[in-house]
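Enquirer: Predicted model and sequence below, questions to follow.
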Amino acid sequence: MSVKLTTRQVGDVTVIDVAGRITLGEGSSTLRDALRDLVSKGQKKILLNLGEVSYIDSSGIGELVSGFTTVTNSGGALKLLNLNKRVKDLLQITKLYTVFDVHEDEAGAIRSFA
Amino acid sequence: MPENASHIPETVERFLDSTLESVDSAEELAVGMAQRAGMHEDDLMKIGMAIRESVVNAVVHGNRYNAHKKVRFAVASDGQRFIVRIGDEGEGFDFNSIPDPLAPENLLRTSGRGIFLIRSFMDDFQMRRLESGGTEVTLVKNLVSK
(Lines give C-alpha, C1' and ligand atoms only; values in the text may rest on other atoms or scores of the structure.)
Protein backbone atom coordinates (compact mmCIF):
# COMPACT_ATOMS: atom_id res chain seq x y z
CA MET A 1 0.00 0.00 0.00
CA SER A 2 1.31 3.41 -0.91
CA VAL A 3 0.18 6.51 0.89
CA LYS A 4 -3.43 7.60 1.33
CA LEU A 5 -4.34 11.13 2.34
CA THR A 6 -7.68 12.21 3.74
CA THR A 7 -8.19 15.92 4.26
CA ARG A 8 -10.70 17.39 6.67
CA GLN A 9 -11.35 20.82 8.09
CA VAL A 10 -11.51 21.50 11.83
CA GLY A 11 -12.30 25.18 12.24
CA ASP A 12 -9.62 27.02 10.33
CA VAL A 13 -7.15 24.13 10.58
CA THR A 14 -6.77 21.63 7.75
CA VAL A 15 -6.06 18.17 9.09
CA ILE A 16 -4.47 15.65 6.73
CA ASP A 17 -4.82 12.07 7.90
CA VAL A 18 -1.90 10.20 6.36
CA ALA A 19 -1.99 6.40 6.08
CA GLY A 20 0.49 3.98 4.53
CA ARG A 21 4.04 4.46 3.33
CA ILE A 22 5.78 7.77 2.70
CA THR A 23 8.67 6.56 0.58
CA LEU A 24 10.50 7.64 -2.55
CA GLY A 25 8.14 7.71 -5.51
CA GLU A 26 4.40 7.92 -5.31
CA GLY A 27 4.21 8.17 -1.53
CA SER A 28 6.38 11.23 -1.12
CA SER A 29 5.12 13.00 -4.26
CA THR A 30 1.49 12.57 -3.17
CA LEU A 31 2.21 14.31 0.12
CA ARG A 32 4.24 17.03 -1.59
CA ASP A 33 1.45 17.77 -4.08
CA ALA A 34 -1.20 17.87 -1.36
CA LEU A 35 0.75 20.33 0.77
CA ARG A 36 1.60 22.59 -2.15
CA ASP A 37 -2.03 22.55 -3.25
CA LEU A 38 -3.20 23.65 0.20
CA VAL A 39 -0.62 26.41 0.39
CA SER A 40 -1.55 27.65 -3.09
CA LYS A 41 -5.14 27.92 -1.90
CA GLY A 42 -4.07 30.11 1.02
CA GLN A 43 -4.38 27.49 3.75
CA LYS A 44 -1.93 28.44 6.48
CA LYS A 45 -2.77 26.09 9.34
CA ILE A 46 -2.01 22.47 8.52
CA LEU A 47 -1.91 19.51 10.88
CA LEU A 48 -0.40 16.28 9.55
CA ASN A 49 -1.81 13.27 11.37
CA LEU A 50 0.83 10.55 10.91
CA GLY A 51 -0.82 8.00 13.22
CA GLU A 52 -1.44 5.49 10.43
CA VAL A 53 1.92 5.86 8.71
CA SER A 54 3.49 2.41 8.59
CA TYR A 55 6.79 3.35 7.02
CA ILE A 56 8.79 6.44 6.17
CA ASP A 57 12.20 6.61 4.50
CA SER A 58 14.70 9.44 4.07
CA SER A 59 12.76 10.70 1.06
CA GLY A 60 9.60 10.83 3.18
CA ILE A 61 11.48 12.70 5.90
CA GLY A 62 12.64 15.09 3.20
CA GLU A 63 9.04 15.67 2.16
CA LEU A 64 8.06 16.50 5.74
CA VAL A 65 10.89 19.03 5.85
CA SER A 66 9.94 20.39 2.44
CA GLY A 67 6.31 20.75 3.52
CA PHE A 68 7.35 22.43 6.75
CA THR A 69 9.49 24.94 4.84
CA THR A 70 6.86 25.58 2.19
CA VAL A 71 4.10 26.25 4.72
CA THR A 72 6.34 28.30 7.02
CA ASN A 73 7.60 30.45 4.14
CA SER A 74 4.00 31.19 3.19
CA GLY A 75 3.42 32.57 6.66
CA GLY A 76 1.65 29.48 7.94
CA ALA A 77 2.38 26.60 10.29
CA LEU A 78 2.67 22.87 9.68
CA LYS A 79 2.43 20.69 12.78
CA LEU A 80 2.63 16.94 13.32
CA LEU A 81 0.20 14.72 15.21
CA ASN A 82 0.27 11.11 16.47
CA LEU A 83 3.79 9.99 15.63
CA ASN A 84 4.28 6.27 16.05
CA LYS A 85 7.51 5.01 17.60
CA ARG A 86 9.21 4.43 14.26
CA VAL A 87 8.55 7.92 12.93
CA LYS A 88 9.36 9.50 16.28
CA ASP A 89 12.68 7.62 16.48
CA LEU A 90 13.58 8.72 12.95
CA LEU A 91 12.83 12.36 13.69
CA GLN A 92 14.87 12.14 16.88
CA ILE A 93 18.00 10.63 15.34
CA THR A 94 17.86 13.14 12.48
CA LYS A 95 17.46 15.95 15.05
CA LEU A 96 14.21 17.02 13.40
CA TYR A 97 11.97 16.21 16.36
CA THR A 98 12.60 19.62 17.88
CA VAL A 99 12.21 21.39 14.52
CA PHE A 100 8.61 20.28 14.21
CA ASP A 101 5.83 21.16 16.60
CA VAL A 102 4.70 17.64 17.55
CA HIS A 103 1.42 16.82 19.30
CA GLU A 104 -0.16 13.65 20.68
CA ASP A 105 -3.65 15.04 21.15
CA GLU A 106 -5.66 16.40 18.23
CA ALA A 107 -7.75 18.84 20.24
CA GLY A 108 -4.63 20.28 21.82
CA ALA A 109 -2.92 20.47 18.46
CA ILE A 110 -5.88 22.36 16.97
CA ARG A 111 -5.89 24.81 19.89
CA SER A 112 -2.15 25.43 19.48
CA PHE A 113 -2.77 27.08 16.10
CA ALA A 114 -4.84 29.86 17.68
CA MET B 1 18.16 -14.82 19.20
CA PRO B 2 14.76 -16.60 18.97
CA GLU B 3 14.72 -20.38 19.48
CA ASN B 4 13.38 -20.95 15.97
CA ALA B 5 16.27 -19.04 14.39
CA SER B 6 18.04 -20.77 11.53
CA HIS B 7 21.81 -21.21 11.88
CA ILE B 8 22.13 -22.54 8.35
CA PRO B 9 24.33 -20.21 6.30
CA GLU B 10 22.40 -18.58 3.49
CA THR B 11 23.72 -16.64 0.53
CA VAL B 12 21.80 -14.87 -2.21
CA GLU B 13 22.98 -12.82 -5.16
CA ARG B 14 20.73 -10.91 -7.56
CA PHE B 15 21.27 -8.47 -10.40
CA LEU B 16 18.44 -5.98 -10.10
CA ASP B 17 16.98 -3.58 -12.63
CA SER B 18 17.54 0.11 -11.96
CA THR B 19 13.97 0.74 -10.88
CA LEU B 20 12.17 1.62 -7.67
CA GLU B 21 10.47 -1.79 -7.81
CA SER B 22 13.93 -3.28 -7.21
CA VAL B 23 14.11 -1.35 -3.96
CA ASP B 24 11.01 -3.11 -2.65
CA SER B 25 12.14 -6.56 -3.80
CA ALA B 26 15.63 -6.13 -2.32
CA GLU B 27 14.21 -5.05 1.01
CA GLU B 28 11.73 -7.92 1.04
CA LEU B 29 14.37 -10.51 0.16
CA ALA B 30 16.88 -9.34 2.76
CA VAL B 31 14.36 -8.88 5.56
CA GLY B 32 13.10 -12.41 4.92
CA MET B 33 16.64 -13.75 5.26
CA ALA B 34 17.26 -11.68 8.37
CA GLN B 35 14.06 -13.05 9.87
CA ARG B 36 15.12 -16.63 9.18
CA ALA B 37 18.51 -15.82 10.72
CA GLY B 38 16.77 -14.83 13.94
CA MET B 39 16.88 -11.04 13.85
CA HIS B 40 14.49 -9.32 16.20
CA GLU B 41 11.69 -7.05 15.00
CA ASP B 42 13.54 -3.84 15.73
CA ASP B 43 16.64 -5.01 13.85
CA LEU B 44 14.48 -6.19 10.93
CA MET B 45 13.15 -2.66 10.60
CA LYS B 46 16.66 -1.20 10.72
CA ILE B 47 18.05 -3.67 8.17
CA GLY B 48 15.08 -3.12 5.87
CA MET B 49 15.43 0.62 5.97
CA ALA B 50 19.24 0.55 5.54
CA ILE B 51 18.86 -1.68 2.50
CA ARG B 52 16.09 0.48 1.09
CA GLU B 53 18.27 3.59 1.39
CA SER B 54 21.27 1.81 -0.13
CA VAL B 55 19.40 0.41 -3.12
CA VAL B 56 17.71 3.78 -3.69
CA ASN B 57 21.18 5.34 -3.82
CA ALA B 58 22.34 2.71 -6.32
CA VAL B 59 19.27 3.04 -8.54
CA VAL B 60 18.77 6.80 -8.35
CA HIS B 61 22.21 8.34 -7.80
CA GLY B 62 24.43 5.54 -9.11
CA ASN B 63 22.71 4.07 -12.15
CA ARG B 64 20.33 7.03 -12.58
CA TYR B 65 17.48 4.68 -13.54
CA ASN B 66 19.49 3.58 -16.59
CA ALA B 67 17.71 0.49 -17.97
CA HIS B 68 21.03 -0.86 -19.27
CA LYS B 69 22.65 -0.82 -15.84
CA LYS B 70 22.14 -3.34 -13.03
CA VAL B 71 22.42 -3.22 -9.27
CA ARG B 72 24.34 -6.15 -7.81
CA PHE B 73 22.67 -7.19 -4.59
CA ALA B 74 24.30 -9.88 -2.45
CA VAL B 75 23.26 -11.01 1.01
CA ALA B 76 25.04 -13.50 3.23
CA SER B 77 24.11 -14.77 6.64
CA ASP B 78 26.55 -17.07 8.45
CA GLY B 79 25.00 -17.31 11.88
CA GLN B 80 27.29 -14.61 13.26
CA ARG B 81 26.81 -11.71 10.90
CA PHE B 82 24.36 -10.52 8.28
CA ILE B 83 26.28 -8.98 5.39
CA VAL B 84 24.77 -7.08 2.45
CA ARG B 85 26.71 -5.81 -0.54
CA ILE B 86 25.12 -3.45 -3.04
CA GLY B 87 27.00 -2.35 -6.12
CA ASP B 88 26.00 -0.01 -8.92
CA GLU B 89 27.40 0.76 -12.35
CA GLY B 90 27.43 4.51 -11.90
CA GLU B 91 30.26 6.99 -12.09
CA GLY B 92 31.04 7.01 -8.40
CA PHE B 93 31.23 10.03 -6.15
CA ASP B 94 33.50 11.68 -3.62
CA PHE B 95 32.76 9.97 -0.31
CA ASN B 96 34.03 13.05 1.53
CA SER B 97 31.50 15.30 -0.18
CA ILE B 98 28.53 14.04 1.83
CA PRO B 99 27.32 16.89 4.05
CA ASP B 100 26.56 16.22 7.72
CA PRO B 101 22.74 16.13 7.90
CA LEU B 102 22.86 16.94 11.62
CA ALA B 103 24.74 20.22 11.14
CA PRO B 104 22.42 23.12 11.99
CA GLU B 105 22.80 24.60 8.50
CA ASN B 106 21.71 21.27 6.94
CA LEU B 107 18.79 20.34 9.19
CA LEU B 108 16.21 21.74 6.79
CA ARG B 109 17.70 20.20 3.68
CA THR B 110 15.18 17.98 1.92
CA SER B 111 17.74 15.28 1.08
CA GLY B 112 21.07 13.90 2.23
CA ARG B 113 19.99 11.73 5.18
CA GLY B 114 20.19 8.30 3.53
CA ILE B 115 23.78 7.38 4.33
CA PHE B 116 23.47 8.83 7.81
CA LEU B 117 20.48 6.55 8.47
CA ILE B 118 22.32 3.51 7.08
CA ARG B 119 25.26 4.18 9.40
CA SER B 120 22.88 4.64 12.32
CA PHE B 121 21.05 1.36 11.71
CA MET B 122 23.92 -1.00 10.89
CA ASP B 123 26.90 -2.19 12.97
CA ASP B 124 29.30 -1.51 10.13
CA PHE B 125 29.05 0.37 6.84
CA GLN B 126 31.75 0.70 4.19
CA MET B 127 31.82 2.33 0.78
CA ARG B 128 34.34 1.63 -1.95
CA ARG B 129 34.91 2.58 -5.54
CA LEU B 130 34.73 -0.42 -7.85
CA GLU B 131 37.39 -0.91 -10.51
CA SER B 132 34.61 -0.70 -13.07
CA GLY B 133 33.83 2.80 -11.80
CA GLY B 134 30.71 2.18 -9.80
CA THR B 135 30.22 2.23 -6.06
CA GLU B 136 29.82 -0.73 -3.72
CA VAL B 137 28.52 -0.44 -0.19
CA THR B 138 28.81 -3.14 2.45
CA LEU B 139 26.33 -3.24 5.32
CA VAL B 140 26.90 -5.48 8.32
CA LYS B 141 24.61 -6.35 11.18
CA ASN B 142 25.85 -8.62 13.95
CA LEU B 143 23.53 -11.50 14.72
CA VAL B 144 25.00 -12.03 18.15
CA SER B 145 25.88 -9.47 20.76
CA LYS B 146 29.58 -8.78 21.15
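Expert: Received, thanks.
Enquirer: Would you indicate which residues of stretch B:63-70 are buried?
Expert: Under the neighbour-count criterion of 16 or more other CB atoms under 10 Å in any protein chain shown, stretch B:63-70 has B:Asn63, B:Lys69, B:Lys70 buried. Heads up, the C-betas are built off the backbone N, CA and C, glycines and all.
Enquirer: which one of the residues you listed sits closest to chain A?
Expert: B:Asn63 (14.4 Å; CB to the nearest CB).
Enquirer: My guess is that closest one contacts B:Arg72. True?
Expert: No: the pair B:Asn63 / B:Arg72 is not scored as a contact, 10.8 Å apart, by CB atoms under 8 Å.
Enquirer: overlap in contacts of the two?
Expert: Common contacts of B:Asn63 and B:Arg72 (CB atoms under 8 Å, 6 or more residues apart in numbering or on different chains): B:Asp88.
Enquirer: So which residue is dead centre in chain A?
Expert: Among the residues of chain A, the one closest to the centroid is A:Leu48, at 3.4 Å (CA atoms, centre = their mean).
Enquirer: Report whether that residue is found in a strand, as I expect.
Expert: Yes: remark: A:Leu48 belongs to a strand, assigned using DSSP: H, G, I helix; E, B strand; the rest coil.
Enquirer: In TSV: the buried residues of stretch B:63-70, plus distance to chain A and pLDDT.
Expert: Below are those laid out as TSV (distance: CB to the nearest CB, whole Å; pLDDT from 0 to 100):
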residue	distance to chain A	pLDDT
B:Asn63	14	97
B:Lys69	18	97
B:Lys70	19	97
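Enquirer: Which of those fall in strands?
Expert: Judged by DSSP state E, strands contain the following of these: B:Lys70.
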